[in-house]
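A.B. asks: here is my input, please return the structure:
(chains A and B)
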Amino acid sequence: MKIDYNFAFFDEGSKREIRRATLKAVAIPGYQVSFASREMPIARGWGTGGLQLTLSLTGTEDVLKVIDQGSDESVNAVNIKKLVKKTTGVLNTDDTNKATLIQSRHRIPEKSLKDKQILVLQVPIPEPLRLVEPSEYKTKRLHAENEYSGAWLMLFEQIMKYGNMSTGADHPVKVYDRYVMAPSPIPRFDNPKMDYSKALILLGAGREKKIYAVPPYTKVKSLAFEDYPFEVESFEDKECRLCKATGVFMDELIDEDTKETYYQCNDTSYCLDRLNNRN
Amino acid sequence: MESFEKPILKVNNLRKQFGNGCKKCEDMSEDVLDKNYCPECGTVYACQDVSFEVYNGEILGVVGESGSGKSTMMQCLYFDKEVTKGDAYISNYKDGKSNIFKESSQQKRYIRNNVLGKVYQNPILGLKMDFSAIGNIAEKLIASGNRKVDEMERRGNELLEHVNIPLFRSKEEPKNFSGGMQQRVQIAKALSNNPPILLLDEVTTGLDLSVQANVLDLIKKIQRELGISMIVVSHDLAVIRMLADRTIVMLNGKIIEKGLTDQILEDPQKPYTQQLVHSLL
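C.D. replies: As a prediction, this is how the structure comes out:
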């Protein structure tokens, strides 16, 4: 049986409602805007927030790229691409430069983003204070009063326990000197890419029903103490085994045969692009 | 004495009611004043026109039976609960010219972090049990704008040492501590920003006698060394006798007697106070 979907899966009213929430999010950088998160044909926690943003923004001329943990070809990424393509007919690409809309989980692409591109990040827990304050009512008040001791306290605890700030991902950032924001579980390595980014960055949390944004050319500063500055993961002296890239975020792998540790670009399309251009 | 001329904290006509009240309540008829609730509409008056002063370096004791409004008064002073009516002034905050109950919630947070310290009866209310003891102390320092880890660690260790918590346990979560240790961590946290006023709400309740003595000794020592003003709420007259310079007695949300602690305990004037004192001694 052939099912005819409305363009971009949603009815027009739903898309408009999500766009309105998105506009509000862009107008107040870093502020979490509530929206009526829809039921999606994928499970909550698999990128429903990001997918709703993507579907509400996709136009017929758009070119879509979807990344999951740096890979364009993971099951999640492929399925999201299929759904968007099936309901909109837009082109898919692996090339960051060619994409107008990039939906991503856990990474910001290695290639610098450009003007007029939109990066959509999937967010599991949008509230940076959730670990210290379980009540939504209270966290909303804390944001309103610019009271972010809880976020700092989490970092202080890490320093006390591990000797340094040990946030592997989702290191809180302050946007436009006002709201503290969870940047989604991107590695610390990607945090500086948000600062004065040329592209619009939208963050969607489907389960938690929140949308927030970093508009282009907006100051984004990672939280850090005066005597413990923010540091990204270091890949000094490491190079990608395939494309020989340095200074990028890499996966640490073990060669099954030799049992040796080696490194490889986490962003597969970036790695592939370098390999293709080298030959 | 000059330092005793101006109170560090002055509370006027504090009222806290639970319920909307009715015409009978508004008149504050004898019926309402005698009990702490309105027989007509059921509104509870947990505190009725409570007024008192605390002076520099003084410990003020508050006694009364359960339900007399002692803890509600403390919760209002620490902004845990909104007051219904009344005003309060702290000489260290805006020169004592601003009613702290009317301040914005941001300013109230500032007062909580910098001007007041509170030790709760239940440590769960005063501590984050899943964060380290030193993290709990740092929370207040962070809230008042400190962004230097080494400085906060030094201050945290200094305070923990002061309240006799072994430093090798400073990075443990208070949920692993005994009740007495948890109370001592609370005291250290409350002292972190050198507040001029400390609120102690039934701090020894639920602790065994030797630990109680330990905590009381500590409070006395802190008061002597740092000269902090304190309000100590307790239903245990022995605690009040040991700590307080002056005492107020509360019943049904009202202050029924106030005076020097010795005077209240040795020569109580009101029948309720006499009953309270004699039931214990």
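A.B. asks: which residue packs closest to the residue of the stretch 101-250 of chain A found nearest chain B, ignoring adjacent ones?
C.D. replies: Among all residues of the stretch 101-250 of chain A, A:Ser149 sits closest to chain B, at 4.2 Å; criterion: C-beta to the nearest C-beta. Glycine gets a C-beta too; all of them are placed from N, C-alpha and C. Closest residue to A:Ser149 apart from its sequence neighbours, by C-beta to C-beta, 6 or more residues apart in numbering or on different chains: B:Ala143 at 4.2 Å.
A.B. asks: tell me how many other residues surround that neighbour.
C.D. replies: The criterion is other C-beta atoms under 10 Å in any protein chain shown. On that basis, B:Ala143 has 21 neighbouring residues.
A.B. asks: what's the answer for the one 3 residues further on, then?
C.D. replies: The number of residues packed near B:Asn146 is 19, by other C-beta under 10 Å.
A.B. asks: excluding chain neighbours, give the residue nearest to it in space.
C.D. replies: Residue nearest to B:Asn146 in three dimensions, not counting chain neighbours: B:Met152, with 5.6 Å by C-beta to C-beta, 6+ apart.
A.B. asks: looks to me like the one you found is in a strand.
C.D. replies: No - remark: B:Met152 does not belong to a strand; assigned using DSSP: H, G, I helix; E, B strand; the rest coil, it is helix.
A.B. asks: what's near enough to touch it?
C.D. replies: B:Met152 makes contacts with A:156, B:137-138, B:141-142, B:146, as judged by C-beta atoms under 8 Å, 6 or more residues apart in numbering or on different chains.
A.B. asks: right, and the residue of the stretch 101-250 of chain A closest to chain B touches B:Ala138 too?
C.D. replies: No - distance between A:Ser149 and B:Ala138: 9.1 Å, which falls outside the contact criterion (C-beta atoms under 8 Å).
A.B. asks: between the two, which has more neighbouring residues?
C.D. replies: Higher neighbour count among A:Ser149 and B:Ala138: B:Ala138, with 28 against 21, using other C-beta under 10 Å.
A.B. asks: ok so that one is a helix residue?
C.D. replies: Yes - checked against three-state DSSP, B:Ala138 lies within a helix.
A.B. asks: that one against A:Phe156, yeah?
C.D. replies: Yes - taking C-beta under 8 Å as the definition, B:Ala138 is a contact partner of A:Phe156 at 5.1 Å.
A.B. asks: can you give me the neighbour number for residue 262?
C.D. replies: Because you didn't say which chain, this covers chain A. For A:Tyr262, the neighbour count with other C-beta under 10 Å is 16.
A.B. asks: let me rephrase: I mean chain B.
C.D. replies: Burial of B:Asp262, expressed as a neighbour count using other C-beta under 10 Å, amounts to 13.
A.B. asks: pull the contacting residues for it.
C.D. replies: With contact set as C-beta under 8 Å, 6+ apart, B:Asp262 has no partners.
A.B. asks: pLDDT score for B:Met28?
C.D. replies: With respect to pLDDT, B:Met28 scores 68.
A.B. asks: against B:Phe131, how distant is the closest residue to chain A within the stretch 151-281 of chain B?
C.D. replies: Closest contact between the stretch 151-281 of chain B and chain A, by C-beta to the nearest C-beta, is at B:Lys171 (5.4 Å). Taking C-beta to C-beta, to the nearest Å as the criterion, B:Lys171 is separated from B:Phe131 by 10 Å.
A.B. asks: more neighbours: the two, which one.
C.D. replies: Regarding B:Lys171 and B:Phe131, a neighbour count based on other C-beta under 10 Å identifies B:Phe131 as having more, with 23 against 15.
A.B. asks: what sits closest to the more buried one if chain neighbours are left out?
C.D. replies: The shortest distance from B:Phe131 to any residue other than its chain neighbours is 5.7 Å, reached at A:Glu157 (C-beta to C-beta, 6+ apart).
A.B. asks: can you tell me the element that neighbour falls in?
C.D. replies: Remark: A:Glu157 resides in helix A:149-162, with elements defined by DSSP states H and E.
A.B. asks: list the contacts of that helix.
C.D. replies: A:128-129, A:131-133, A:142, A:164-167, A:172, A:180, A:223-225, A:228, B:128, B:131-132, B:134-135, B:138-139, B:142-143, B:147, B:149, B:152-153, B:171.
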